[in-house]
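Novice: for reference, the sequence and a predicted model appear below.
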Amino acid sequence: MSRFKIALLVTHFLPVLVLAAEGPLPVINFELIADGSAIFAGEGGKFKDFNSAPVMDGDAIFFVATRENGLRGIFRNQRGATQMLVSSNGEIPDGIGKFTSFDSAPMGSGEQLVFRATGSNHQEGIYYYADGKISKIVDTNTPMPHANIHFQSFKRPVFDGKTVVFVGRGFQKADDTSRKFQGAYQYEIETKKLSVIADWESKTPEQSTLFGEMDDVTVSHDQIILTASDVNGNTGIYVNKQGQLETIVGHSTPLPNTPGSTFSGLNDGAVERSFKNKNFAFKTASKDNKQNGIHAYIDGKLITVADNKAEMAGGSVSFSGFSKPNIYNDRVFFIGKNPQGVSSIYAWKSGGRFPVIHPDILLSGKRPKDFNMSLESASNDALVFQVSFEDGSKAIYKAHLRDVMGKVVLLDTLHSKSHGSVQGGKFLEGGGWTVLNDNDRIVWKIPPMSSHGLLEVDVTNFDPRSQLTANKNIFLGLWGTLFNNHERMNLPETDNWELRVGKAHTQFKVEYHARGFGKATEWVPFDGPFDPKHTYRIRVEWNNGRVSTWVDDKVLHFDGLSYEAIDKFNYLHIGTSSHFGGAATIGPVYSNVRMVSFD
């Protein structure tokens with residue numbers, strides 16, 4: 001990927017414009033959250049479709065999907081475990097019959113969920129889920145404030161754990177009479193109070209015109225951001241402070257890098273989701289495409305993150321369109337399109353802009369065609385997104401972004417030699433080492449590391465189901481004391497992590513021990529045969545007792561043990577351990593061993 005120098009115009013009172021891409025790039029790893037394979041099958045069969053972009057809250061990911069038998073539901077994935085919270089088998093609270101669809105991204109916060117849903121006979125509402133129960137917030141039987149009519153339709157709600165905000169309308173299809181009946185509303189979960197943020201009777205903060213079209217509204221604890229038009233069609237972004245609206249960006253606000261121009265076509269306002277500051281991001285769009293862009297308000301400054309003058313990665317073309325801004329702390333994410341309409345997801349931070357994912361990056365061996373996010377898809381170190389592939393399938397992925405590179409404490413390519421203790425096996429022409437006999441192994445003494453570490457090993461010619469020469473083999477392992485684990489309980493220096501293959505396991509068994517006490521699970525991350533020509537990257541990361549095992553983009557999470565929070569791994573081995581008679585798995589080729597310590 002090409003890099004470009006940043007041209008940055010900084011003033012104390014004017015907007016800041018990022019002209020080109022650059023900056024230190026984070027390490028990005030992709031985790032498959034859900035797809036249509038049998039690995040993620042559940043009630044109703046495999047996933048058939050993913051009906052909305054995902055939302056992230058902490059390490060929980062919420063999305064809408066449909067199963068093979070037509071069952072629709074809202075799902076939560078948390079550290080690899082997927083649970084259906086609400087389904088089309090559920091009765092509609094204060095309604096008739098069951099839910100028929102959940103057609104917008106659900107808003108999860110901790111153990112709570114707010115979502116928009118529909119039922120038969122034009123039923124529509126916004127609902128709240130907690131403790132396994134669903135209750136109504138508003139529906140089409142709820143009277144609209146300031147009118148003698150009921151709500152008829154709703155835009156997607158946003159929820160911050162305390163307050164729900166949404167745009168509600170008194171029409172399904174607008175005509176000249178009904179068009180004005182729309183507003184932005186807030187609902188307090190604790191008091192169950194519904195109130196108006198702004199509606200057709202509200203004047204803009206300048207008190208000159210009434211509000212017209214309501215685009216969207218979002219909330220982050222004590223800050224509510226409204227994007228709306230006045231009756232003359234002028235768009236603005238407003239903040240609600242103690243019940244009073246103030247204009248943040250309006251049609252008279254100067255547009256960066258465009259002398260004499262002001263903002264127009266404001267929409268897709270997204271608040272900062274750590275709830276620690278007042279930052280927000282938004283999109284602009286114009287019919288002539290001259291004002292298309294992504295902008296952000298960060299630490300009191302208005303910044304243009306990207307516009308149609310900005311170069312995409314590679315520098316050959318400029319952006320032509322934008323959607324779905326996200327912001328977390330001071331990092332902004334967005335979907336950008338090239339002139340041919342091909343989408344990529346970009347990130348911006350501190351003046352640097354770079355692609356997170358684009359169609360030339362294969363995911364699970366497939367080529368992406370398009371991407372989608374909600375306005376709440378980001379966290380401090382990750383981004384979740386929906387991908388549509390060229391073969392017509394869809395999936396949900398999580399991009400892990402690591403800004404801290406860490407210190408490499410062990411690096412061994414295994415090209416004709418090793419820095420470890422080689423006990424048998426063979427180095428292959430062209431690189432890599434393989435087992436020939438039982439008890440063949442390479443062992444490394446690991447240099448001192450912090451409690452947060454990472455191991456990566458590449459393996460090719462790997463097909464464990466056809467290489468089952470043993471009942472059990474610890475194919476790869478980390479050890480406090482070499483080859484001592486759960487057989488010695490409650491003793492220091494017996495921490496270990498091990499990846500097993502063999503006739504006793506369908507694909508893998510992963511074990512993790514602290515002071516000899518352990519967790520173990522049979523792990524089947526792949527639906528279908530292994531590809532001996534493919535290079536699989538095996539990763540394990542540990543951080544104060546939390547351990548994640550990766551094979552490519554498939555991830556198994558352990559939440560740690562209370563016996564010992566800090567893992568003490570002193571040795572690494574590949575090939576065979578002394579367990580199970582040193583029985584070997586013949587065929588796999590190891591290379592590119594790397595260990596990193598994060599201080």
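Specialist: Looks like it arrived, so ask away.
Novice: beta partners of the residue sitting nearest the centre point of the chain?
Specialist: Closest residue to the average C-alpha location of the chain: residue 384 at 1.9 Å, with C-alpha atoms, centre = their mean. Here residue 384 shows beta-bridge partners residue 398, assigned using DSSP bridges.
Novice: also residue 167?
Specialist: With DSSP bridges as the rule, residue 167 is bridged to residue 184.
Novice: pretty sure it contacts residue 184?
Specialist: Yes - under the criterion of C-beta atoms under 8 Å, residue 167 makes contact with residue 184 at 5.5 Å. For glycine as for every other residue, the C-beta is placed from the backbone atoms N, C-alpha and C.
Novice: show me where the stretch 51-200 of the chain has strands.
Specialist: Remark: strands assigned in the stretch 51-200 of the chain by DSSP state E, counting those that start in this stretch are 55-57, 60-67, 72-78, 81-87, 99-101, 107-109, 112-119, 124-130, 133-139, 153-154, 158-159, 163-169, 182-188, 193-199.
Novice: check the stretch 251-400 of the chain too.
Specialist: 266-271, 280-284, 293-298, 301-307, 321-328, 331-337, 343-349, 352-357, 368-372, 382-389, 394-402.
Novice: out of the ones you listed, deepest packed?
Specialist: strand 293-298 (a mean of 27; mean count of other C-beta atoms under 10 Å).
Novice: packing partners for that one?
Specialist: strand 244-249, strand 280-284, strand 301-307, strand 321-328, strand 331-337 (3 or more C-beta pairs under 8 Å, 6 or more residues apart in numbering; DSSP states H and E).
Novice: quick one: buried residues of stretch 75-82?
Specialist: Judged by neighbour count using 16 or more other C-beta atoms under 10 Å, the buried positions of stretch 75-82 are 75-77, 80, 82.
Novice: an error on my part: the question was meant for stretch 469-480.
Specialist: For stretch 469-480, a neighbour-count test (16+ other C-beta under 10 Å) marks 470, 472-480 as buried.
Novice: just to revisit the earlier point, want to throw the helices and strands packed on strand 293-298 into CSV with distance to residue 209?
Specialist: Shown next, in CSV, are the helices and strands packed on strand 293-298 (distance: least, C-beta to C-beta, whole Å):
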stretch, distance to residue 209
strand 244-249, 12
strand 280-284, 20
strand 301-307, 23
strand 321-328, 26
strand 331-337, 30
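Novice: re earlier: residue 167 and residue 184: which has the busier surroundings?
Specialist: residue 184 (28 against 25; other C-beta atoms under 10 Å).
Novice: does that one touch residue 169 like I think?
Specialist: No - at 10.7 Å, residue 184 does not count as touching residue 169 under the criterion of C-beta under 8 Å.
Novice: what residues do the two have in common as contacts?
Specialist: The contact sets of residue 184 and residue 169 overlap at residue 214 (C-beta atoms under 8 Å, 6 or more residues apart in numbering).
Novice: can I assume residue 568 sits in a strand?
Specialist: No - counting by DSSP: H, G, I helix; E, B strand; the rest coil, residue 568 is not part of a strand but coil.
Novice: report pLDDT for it.
Specialist: pLDDT recorded at residue 568 is 83.
Novice: intersection of neighbour lists for residue 167 and residue 184?
Specialist: 214, 217.
Novice: and the gap between residue 438 and residue 40?
Specialist: 37 Å (C-beta to C-beta, to the nearest Å).
Novice: whoops, residue 135 was the one
Specialist: Counting by C-beta to C-beta, the gap from residue 135 to residue 40 is 29 Å.
Novice: cool, and residue 536?
Specialist: 20 Å.
Novice: also residue 317?
Specialist: 36 Å.
Novice: equivalent analysis for residue 350, please.
Specialist: 37 Å.
Novice: and these two? Which one has more around it.
Specialist: residue 40 (19 against 12).
Novice: could you tell me which residues make contact with the more buried one?
Specialist: Per C-beta under 8 Å, 6+ apart, neighbours of residue 40: 34, 46-47, 82.
Novice: rerun at 7 Å
Specialist: 34, 47, 82 (C-beta atoms under 7 Å, 6 or more residues apart in numbering).
Novice: give the bridge partners for the residue nearest to the last one when sequence neighbours are not counted, please.
Specialist: If I follow you right, that is residue 82. In this structure, residue 82 finds its nearest non-sequential neighbour in residue 75, 5.6 Å apart by C-beta to C-beta, 6 or more residues apart in numbering. Beta bridges link residue 75 to residue 63, residue 84 when assigned by DSSP bridges.
Novice: pLDDT value on residue 75, please?
Specialist: 97.
Novice: I figured it hits residue 81, correct?
Specialist: No - counting by C-beta atoms under 7 Å, residue 75 does not reach residue 81; the two are 10.6 Å apart.
Novice: ok, back up a step: for the helices and strands packed on strand 293-298, give me a markdown table that also has mean pLDDT.
Specialist: Shown next, in a markdown table, are the helices and strands packed on strand 293-298 (pLDDT from 0 to 100):
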| stretch | mean pLDDT |
| --- | --- |
| strand 244-249 | 92 |
| strand 280-284 | 94 |
| strand 301-307 | 92 |
| strand 321-328 | 95 |
| strand 331-337 | 96 |
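Novice: closest to residue 377 out of the strands of the stretch 51-200 of the chain?
Specialist: strand 55-57 (5.7 Å; C-beta to C-beta).
Novice: who touches the closest one?
Specialist: With C-beta under 7 Å, 6+ apart as the criterion, strand 55-57 contacts 62, 105-110, 374, 376-379, 382, 384.
Novice: 6 Å - rerun?
Specialist: The contact list for strand 55-57 (C-beta atoms under 6 Å, 6 or more residues apart in numbering) reads 62, 105, 108-109, 374, 376-377, 379, 384.
Novice: how much space separates the nearest residue to residue 276 once chain neighbours are set aside from residue 127?
Specialist: Spatial nearest neighbour of residue 276, excluding adjacent residues (C-beta to C-beta, 6+ apart): residue 329 at 7.2 Å. Distance of residue 329 to residue 127, given as C-beta to C-beta: 31 Å.
Novice: who has more neighbours out of the two?
Specialist: residue 127 (25 against 16).
Novice: that one and residue 134 touch, don't they?
Specialist: Yes - judged on C-beta atoms under 6 Å, residue 127 makes contact with residue 134 at a distance of 5.5 Å.
Novice: contacting residues for the residue nearest to the centre of the chain?
Specialist: 54, 56, 61, 377, 398.
Novice: switch to 7 Å and redo it
Specialist: Contacts of residue 384 by C-beta under 7 Å, 6+ apart are 33, 54, 56, 61, 377, 396, 398.
Novice: now the two most distant members of those residues.
Specialist: The most distant members of the contacts of residue 384, if one measures by C-beta to C-beta, are 33 and 377, lying 11.7 Å apart.
Novice: between the two, which one's more packed in?
Specialist: More crowded of residue 33 and residue 377, by other C-beta under 10 Å: residue 377, with 27 against 24.
Novice: dihedrals phi and psi, the more buried one?
Specialist: phi -100, psi 0 (degrees, to the nearest 10).
Novice: isn't it right up against residue 385?
Specialist: Yes - between residue 377 and residue 385 a contact is recorded at 6.2 Å, counting by C-beta under 7 Å.
Novice: how close does the residue nearest to residue 526 when sequence neighbours are not counted sit to residue 318?
Specialist: Nearest residue to residue 526, sequence neighbours excluded (C-beta to C-beta, 6+ apart): residue 507, at 6.4 Å. Residue 507 is 46 Å from residue 318, where distance means C-beta to C-beta.
Novice: report the mean confidence score over stretch 254-265.
Specialist: 80.
Novice: thinking again about what came up before, wait, the residue nearest to residue 276 touches residue 274, no?
Specialist: Yes - Residue 329 lies in contact with residue 274 (C-beta under 7 Å); the separation is 5.6 Å.
Novice: list residues touching both of the two?
Specialist: Joint contacts of residue 329 and residue 274 (C-beta under 7 Å, 6+ apart) are residue 380.
Novice: of the buried residues of stretch 75-82, just say which sits nearest to residue 225.
Specialist: residue 76 (25.7 Å).
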